[in-house]
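>>> The sequence and its predicted three-dimensional model are supplied below.
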Amino acid sequence: MSRRLRVLVWHLHGAYLLYLTRGRHTYYVPSRPERSGDYIGRWGHLPWGPNVVDVPADEVRRLPLDCIVYQTPGQYAEESRKILSPEQRRLPRVYLEHEPPHEHATERRHWVADDPDVLLVHVTHFNRLMWDNGRAPTAVVEHGVPEPPVRWRGDLARGVSAVNNIATRGRRAGFDLFEKARARVPLDLVGMGTEGLPGGRGEILHRDLPAFEADFRFYFQPMRYASLALAVCEAMMLGLPVVGVGTAEMATAVPNGVAGFCDTSLEVLIERMRELVREPALARKLGRGARRHARERFGLQRFLRDWDGVLRTATRA
């Protein structure tokens, strides 16, 4: 068996890091006492495994590492010079890009586009398609999520959306679409920053979200332009039918009529949601399709195999 790799990665997206570190490698996450910004470290309510090692930022330069994983321009250009030794900065490098280009959908050049020694990993094929990746070698590792300990029930004739800070993220996040849909369909909203919003239920801890969502009839994804949300994959793995705006990777991630419904017409989406409210049998059928599709495309073991391949490729190079 090939040896375990020693990987430095900043704590940026908690759930993604949790799933990434379910693999066999050792992950060092830098921290500072204030636990903020790029230096959260092994922190919070997520059930980190023993292979996730919290290391003070000032001690990182003494670590025997095999690979560095960057996730933001600041980490790549600035933080690396603050906490890594010159030898560590010459180690194999991976840049994990979580988002599609924001400033312009097709003309934005990626920050590592001129660095052929960095392996640029996108989380969706849409994201890789839209970024100008330049000379950087690229790979796509689609999301992978575990099967939850509960199963969908769908007893509530309501939908649920889980989007953090939806009201402050501009039109991309689709809060206006959520409000318009909620005026005609029973909808609840969870996530950070949802307290006090129409339908807002506040933040639900990650470990409690499957049990909370299991009672709802469907999941609604209102975002206009975004990377594929882990919450969508988690909902489908739970067996929750998904109704969503059919842009970006959502157009392929949720097969129409199999795992739910995607469309670019809000009127069509509202009618599909009302159908699911009226017809629990349809929701059950789509829920079974959603879970089957999620297990085939977004299984955790496939995700971990893909990431193992990425890290092996980077360190061999």
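Cool, got the structure.

>>> Look up how far Tyr70 lies from the closest residue to Pro73 other than its chain neighbours.
Nearest residue to Pro73 in three dimensions, chain neighbours excluded: Trp111, at 4.6 Å (CB to CB, 6 or more residues apart in numbering). (Each C-beta comes from the backbone N, C-alpha and C, glycine too.) According to CB to CB, to the nearest Å, Trp111 stands 9 Å off from Tyr70.

>>> Which neighbours do those two have in common?
Common contacts of Trp111 and Tyr70, defined by CB atoms under 8 Å, 6 or more residues apart in numbering, comprise 76, 95.

>>> So between these two, which is more surrounded?
Tyr70 (24 against 20; other CB atoms under 10 Å).

>>> So that one sits against Glu97, correct?
No - between Tyr70 and Glu97 there is no contact under CB atoms under 8 Å: 9.4 Å.

>>> Next, count neighbours for the nearest residue to Tyr225 once chain neighbours are set aside.
Ranked by CB to CB, 6+ apart and with sequence neighbours excluded, the top spatial neighbour of Tyr225 is Arg172, at 4.9 Å. Neighbourhood size, Arg172 [other CB under 10 Å]: 12.

>>> Could you do Asp114 as well?
The local packing of Asp114 (other CB under 10 Å) involves 11 other residues.

>>> Identify the residue nearest it in space, chain neighbours excluded?
The shortest distance from Asp114 to any non-neighbouring residue, by CB to CB, 6+ apart, is to Gly134 (5.7 Å).

>>> Quick one, grab the pLDDT at the one you found.
pLDDT, Gly134: 98.

>>> can you give me the helices in the stretch 151-300 of the chain?
175-182, 209-213, 230-238, 250-253, 266-278, 280-297, 300-316 (DSSP state H, counting those that start in this stretch).

>>> Serialize those helices to TSV and add fields for mean neighbour count, distance to Arg81 and mean pLDDT.
As requested, those are exported to TSV (neighbours: other CB atoms under 10 Å; distance: least, CB to CB, whole Å; pLDDT from 0 to 100):
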stretch	mean neighbour count	distance to Arg81	mean pLDDT
helix 175-182	20	38	98
helix 209-213	20	38	97
helix 230-238	26	31	98
helix 250-253	20	37	97
helix 266-278	18	46	98
helix 280-297	18	39	98
helix 300-316	17	20	97
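
>>> Determine which of these approaches Gly196 most closely.
helix 175-182 (13.0 Å; CB to CB).

>>> for that closest one, packing partners?
strand 187-190, helix 266-278 (3 or more CB pairs under 8 Å, 6 or more residues apart in numbering; DSSP states H and E).

>>> chain center to that helix, what's the gap?
22 Å (CA atoms, centre = their mean, to the nearest Å).

>>> Stretch 153-170 too?
The gap between where stretch 153-170 is centred and where its chain is centred comes out at 16 Å by CA atoms, centre = their mean.
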